[in-house]
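Q: test case, fold it:
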Amino acid sequence: MLYGIAGRLIGELASLAVGKILLPWGYGARDEIQKLERTVSAIKAVILDAEKKKETNHSIKDWLQKLEVELYELDDLLDDISTEALKRKAMARNRKAKKVRIFFSRSNQLAFRLKIGNEIKKIRKRLDGIAEDRIRYNLSPESTDQPPQVPIPNNQRKSHSFIPTDEVIGRKEDKDAILQLVLDPNGRENVTFISIVGIGGLGKTALAQLVFNDERVKNCFDKKIWVCVSDVFDVKTIITDIVELATGRKFESTSQMDGVVNELKRLIDQSKYFLVLDDVWNEDPNLWMELRRLLISGARGSKVLVTTRAQLVAEVIGTSSYLLKGLSKIDSWSLFKKVTREDGTKLNNPTMEKIGTEIVDKCAGVPLAIRTVGGLLYTRNTEKEWLYFRDYELQEMPQSDSGIMPILKLSYNYLPPHLKQCFIYCSLFPKDYKIDKKTLIQLWIAQGFIQLPNVKKSLEDVGDLYFMDLLKRSFFQDVQMDKCGAIQSCKMHDLIHDLAKLMAGRDCFAYDLDAQIVVARARYLSLPKVPDLSSGVLAKLLIKNKLRTFLLPTGYSYNKYSCDIDKSKCQRWMSSFKHMRALDLNFYKFEVPSLIGTLRHLRYLDLSCKYFESLPNSICKLHNLETLKLNGCGYLKELPRDMRNMVNLRHLEIDGCDKLRYMPRGLGELTSLHTLTDFKVANQGEYYSFCAGLSELQGLVNLRGELKIIYPYFALEECNSRDCYIKGMEFLESFKLMYFGAGDSDILLWEKLQPHSNLKELEIVMYHTASFPSWMVNVNIFLPNLVHISLFGCDKCQLLPPFGLLPCLEILNLEI
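A: The predicted model follows:
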């Protein structure tokens, strides 16, 4: 993660040096910041080289650990500076705080500048020493502009075309599916490209070998050629291999490219050929197009079969892809028995069979993993030996240099640095956990992993690109879609999860309640199982570590088993969370202390499924907070009244807060909001002067996803504004209105609730009005992109809008 952190810090230092934040500090502070930027830049240049060498050089490993401490310290310090700027921005909004602002600017700022100035000098001095050591360790600068040239371990990946058919188990259906594509004579072009995609060790090469050696393939093609491409995608090398393998003729390394190309043309022109390109990693479309142009002169019906780990590669190639999955449990067991040379004597013992089944389950259907563990158990014949392997050796296999992990590491090595830190962070989730895509991106943003390439994209948009990139590289799987066809969640393959844990080292740590293991240097912590926070070991971990993440990936459905935390313990932990960026406490019942307002670095806070009626107003001092989740807080009656000060808030989730009375006045000033799940219009009453009206929605033009407005019977909404309230929300996909108003008297209000034309889903509950507003009467003009419409409780409607004219409409629900 260090490379990504260093890069982000360089950007923040550069912004400080040229921005206005340092103006009151004088030129000395700016000079210190510029020196610090140069030092961090020099260190960042060699981090990638140091990461490669740390496994064999303990001095470099220690150097990286010292660097980690200082970079995190610098990150906190720069965050302190930007937080003070946000404080001033929030205070400038509040006229009542004029006296406070005067005191802040004259007294506190002076002390703050002195403190920060001293800290900057101390950190720069320590980082200067670390930078000097890089020369002593002979660390070299490395660029991330080009894909890494990753060495293939022990030449394991130099594949060939032959495989005994009895060596492959459980791939008959997959083979038939690929053969159907290969033997299909109706391609749109003379040469058709097909990809087999799957994680390392899944058997892509073996499947391609089965297809290559099938008798039907031999009879269908004039020529068959097998080329192992592997890590270096060099067009001249590939076409040279094709010609040499097809003709038996050797080319000198000094041969001209034109000569090789001419030989290739003579070989494949008007010839129906079948070419396998095994183990392709290239993601550069220009390189692929160069090779493609040389291959398309074959006769109609020619096929090129590519094996790759990444869907991204298949998309670059422009092929129809076949996603290879793991073996079934039955086939996994059959392969295990075959590899262990089981003749029936061992597994006639029910205990041995049970242990063997548990071991095979850990392999998650990956043939290479099954072969590896089967080979290790080949000479072991007793229950004791198998139990020891299951309970101890199997747990250590992800750390070993044998078996599947070096193969999977290749995929990790090919990741750019910004994706490596995002992938490593996913080790915090348990195996087989359904990872919510939106939540994952929010957590990445909270940790500063998402960097904007330009101002036109939002952090969430870039985070979505990161997610899709990891998905296309086969690090995620089992995606689930929402009703609009967008990806909602995913999972990680068990072995990919093992890889994430291995690469995370001691930084990201999922606390094991059973093993009672504690990692002293963990900065990102999750509790996959429901813990008792009174545990001495866990309490020590929470208090002593400089945690930046505390997650409870259990889901809200576990709330019925939630635990109580007494006030004193809660305050003690809160006081130790001063470095926290992401805090998830959705599982525990406690009274939120006012001390939470001191967590100045906090970006993500999940307090869902709690029993409190209100939150301390001090939470509004969290000027860096970007995500606040209060889903399922069924007793919550009001939100903090100074929420307008939460100037960085991007996501406010309050779904299921059924007793919420109103939205706080000033909510419309939170123009960074991307998510607002619910907007409760206030009834007339004693708290009406504190309430936000619907007109405040006009400022929230960045809202996306779903917005639900709840309009109670005694609501009083003055329609003074000439503009529509939500028409400017061009990114909003779903709009729901729960209307309990007076009916026809509110038709003017309905006119002002016209959504943007991009809206995909519209749901209205309790529509007690005889006529529709103009934007619904002409729905095909104003909302042409609607896919889903639901109208419930339309007991006074006399004539429906022309829904049949909507070109994209798929679902229409009407209920009186």
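
Q: output the contacting helices and strands for the helix or strand harbouring Asp80.
A: Taking DSSP states H and E as the definition, one finds Asp80 inside helix 58-93. Packed against helix 58-93 by the contact rule (3 or more C-beta pairs under 8 Å, 6 or more residues apart in numbering; DSSP states H and E) you find helix 2-18, helix 27-53, helix 98-103, helix 109-136. C-beta: built from backbone N, CA, C; applies to glycine.

Q: what angle do it and helix 27-53 make?
A: Angle, helix 58-93 to helix 27-53, by axes from the mean of the first three to the mean of the last three C-alpha atoms, to 10 degrees: 140 degrees.

Q: and helix 58-93 with helix 109-136, angle?
A: 160 degrees.

Q: can you pull the buried residues of helix 58-93?
A: 60, 63-64, 67-68, 70-79, 81-84, 86-87, 90-91 (16 or more other C-beta atoms under 10 Å).

Q: so where's the stretch 351-500 of the chain uncertain?
A: 396-403, 454-455 (pLDDT under 70).

Q: mind listing the helices for it?
A: Remark: helices assigned in the stretch 351-500 of the chain by DSSP state H, counting those that start in this stretch are 367-377, 383-388, 394-396, 405-413, 417-425, 437-446, 459-472, 494-504.

Q: among those helices, which is nearest Leu547?
A: helix 437-446 (12.8 Å; C-beta to C-beta).

Q: list the contacts of stretch 695-707.
A: 438, 458, 460, 663, 665-679, 720-721, 723, 725-726, 728-736, 761 (C-beta atoms under 8 Å, 6 or more residues apart in numbering).

Q: can you say which of these are buried?
A: Judged by 16+ other C-beta under 10 Å, buried ones among the contacts of stretch 695-707: 438, 458, 460, 663, 665-670, 672-679, 725-726, 728-729, 732-736, 761.

Q: possible to save the helices and strands packed on helix 58-93 as TSV with mean neighbour count?
A: TSV is the format used below for the helices and strands packed on helix 58-93 (neighbours: other C-beta atoms under 10 Å):
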stretch	mean neighbour count
helix 2-18	19
helix 27-53	18
helix 98-103	11
helix 109-136	15
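
Q: least reliable of the ones you listed going by mean pLDDT?
A: Between the helices and strands packed on helix 58-93, the one with the least mean pLDDT is helix 98-103; it has a mean of 50.

Q: just the ones of the contacts of stretch 695-707 in helices?
A: If you go by DSSP state H, these have 438, 460 in helices.

Q: ok, back up a step: which one of the helices of the stretch 351-500 of the chain lies closest to Ser575?
A: helix 437-446 (20.4 Å).

Q: list the buried ones in the closest one?
A: So, applying 16+ other C-beta under 10 Å, buried residues of helix 437-446: 437-446.

Q: helices of the stretch 601-750 of the chain, start to end?
A: 747-751.

Q: so where's it uncertain?
A: 685-688, 714, 716-722, 741-746.

Q: can you map out the strands along it?
A: Using DSSP state E, counting those that start in this stretch, the strands of the stretch 601-750 of the chain run over residues 604-606, 627-629, 651-653, 675-676, 678-680, 705-711, 732-739.

Q: need these in a markdown table (columns: distance to Val339).
A: As requested, the strands of the stretch 601-750 of the chain are exported to a markdown table (distance: least, C-beta to C-beta, whole Å):
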| stretch | distance to Val339 |
| --- | --- |
| strand 604-606 | 45 |
| strand 627-629 | 47 |
| strand 651-653 | 49 |
| strand 675-676 | 50 |
| strand 678-680 | 56 |
| strand 705-711 | 49 |
| strand 732-739 | 50 |
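
Q: quick one: closest of the ones you listed to Asp279.
A: Comparing those by C-beta to C-beta, strand 604-606 comes nearest, at 39.1 Å.

Q: elements contacting that closest one?
A: By 3+ C-beta pairs under 8 Å, 6+ apart, strand 604-606 packs against helix 437-446, strand 582-584, strand 627-629.

Q: Asp174: which of the ones you listed is closest?
A: helix 437-446 (28.1 Å).

Q: quick check: the gap between Gln447 and Asn631.
A: Using C-beta to C-beta, to the nearest Å, Gln447 is found at 22 Å from Asn631.

Q: between these two, which has more neighbouring residues?
A: Gln447 (22 against 18; other C-beta atoms under 10 Å).

Q: neighbours around the residue lying closest to the more buried one once chain neighbours are set aside, how many?
A: Closest residue in space to Gln447, ignoring its immediate chain neighbours: Arg581 at 5.6 Å, by C-beta to C-beta, 6 or more residues apart in numbering. For Arg581, the neighbour count with other C-beta under 10 Å is 25.

Q: can you check Ser576 too?
A: 15.

Q: same question, Pro164
A: 8.

Q: sorry, back to before: now the helices of the stretch 351-500 of the chain in CSV, please, with extra columns for distance to Asn683.
A: Compiled in CSV, the helices of the stretch 351-500 of the chain are given as follows (distance: least, C-beta to C-beta, whole Å):
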stretch, distance to Asn683
helix 367-377, 61
helix 383-388, 66
helix 394-396, 58
helix 405-413, 56
helix 417-425, 43
helix 437-446, 32
helix 459-472, 34
helix 494-504, 49
